[in-house]
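Engineer: Can you look at this prediction? I've put the sequence above it.
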Amino acid sequence: MIARLVVQTVLWLAGMGVLLFGAAGTLAWPAAWWYLIELGVLSLWIGVWLAGHDPGLLAERLAPFVQQQQSRWDRLFMIGVACVWCGWLIVIGLDAMRFHWSAPLPVALVSLGSLCVALCIFMCRFVFEANSYAAPVVKIQASRGHKVIDSGPYARARHPMYSAALLLFVGTPLLLGSWWGLAFVPLMTIGLGWRAVREERVLAEQLDGYREYMTRVRFRFVPLIW
């Protein structure tokens, strides 16, 4: 399992590196190197922790993002996510390094971006600790005894992992120095919100107790906001 984690992480980072540096037209981009190193180290850290704490969840996290158990809409959504993510990284590389469409970001904002990326991973750590069923795809994991989780971060928001993803959305373009990348964040957030609503319909129909959970925890991403 650890070997698979390392291989998939390296391939994922290599793919991101090709997109970023290819669009940038140079390898002399310290912020991008730091971004990949930060993501890589923290992802391996949380993966190794999961291997000891919850290997079943790690197996789910390492599974393909398109699966037979998914609804058709979620398969299409995940394919769309992969395409948007790749296009987003290319735009960031073109903006920040090749054409310099954006004015340089202040060091404070770049540092804030790095902090947001780290906070995203740390938030995921708490999500995984609370929810053994936090698969990347929308499905009911009947074979693993899927049940409603309402403890930890799930006591405050119904989709705390999506809340963490918002930090990654904001942190990535800030760290890499791209205002144009940041301009995509509202659209990506809307897409994530759409998926959350569709996911809740599946859970409410197929997972015992989820409707009651929705009445107890009113907010999806951010308490008191939405």
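Structural biologist: Noted; the coordinates are in hand.

Engineer: average pLDDT for stretch 97-109?
Structural biologist: pLDDT averaged over stretch 97-109 equals 95, rounded to a whole number.

Engineer: My error: substitute stretch 142-153 in the last question.
Structural biologist: The predicted model assigns stretch 142-153 a mean pLDDT of 94.

Engineer: how far does that stretch sit from the chain's center?
Structural biologist: Using C-alpha atoms, centre = their mean, to the nearest Å, we find the averaged C-alpha position of stretch 142-153 to lie 20 Å away from the chain's own average C-alpha position.

Engineer: With stretch 124-142 instead?
Structural biologist: Averaging C-alpha positions (C-alpha atoms, centre = their mean) puts stretch 124-142 13 Å from its chain's average.

Engineer: for stretch 40-59, same thing?
Structural biologist: Its chain's C-alpha centre lies 15 Å from the corresponding centre of stretch 40-59 when counted by C-alpha atoms, centre = their mean.

Engineer: Contact partners for the closest residue in space to Pro223 that isn't next to it in sequence?
Structural biologist: In space, Pro223 comes closest to Arg156 once its chain neighbours are excluded; the distance is 5.2 Å by C-beta to C-beta, 6 or more residues apart in numbering. C-beta: built from backbone N, CA, C; applies to glycine. For Arg156, the contacting residues are 217, 219, 223, by C-beta atoms under 8 Å, 6 or more residues apart in numbering.

Engineer: Now do the residue sitting furthest away from the middle of the chain against Met188, distance only.
Structural biologist: If you look at how far each residue of the chain sits from its centre, by C-alpha atoms, centre = their mean, the farthest one is Phe99, at 27.7 Å. Relative to Met188, Phe99 is positioned 22 Å away (criterion: C-beta to C-beta, to the nearest Å).

Engineer: next one: Ala165
Structural biologist: The span separating Ala165 from Met188 equals 9 Å under the rule C-beta to C-beta.

Engineer: tell me the helices in this protein, going along the chain?
Structural biologist: Taking DSSP state H as the criterion, the chain contains helices spanning 2-24, 30-53, 55-62, 72-93, 107-130, 160-176, 179-183, 185-206, 210-216.

Engineer: now for the ones you listed, which one comes closest to Arg144?
Structural biologist: helix 55-62 (6.0 Å; C-beta to C-beta).

Engineer: Does anything pack onto that closest one? Which helices or strands?
Structural biologist: Judged by 3 or more C-beta pairs under 8 Å, 6 or more residues apart in numbering; DSSP states H and E, helix 55-62 is in contact with helix 2-24, helix 30-53.
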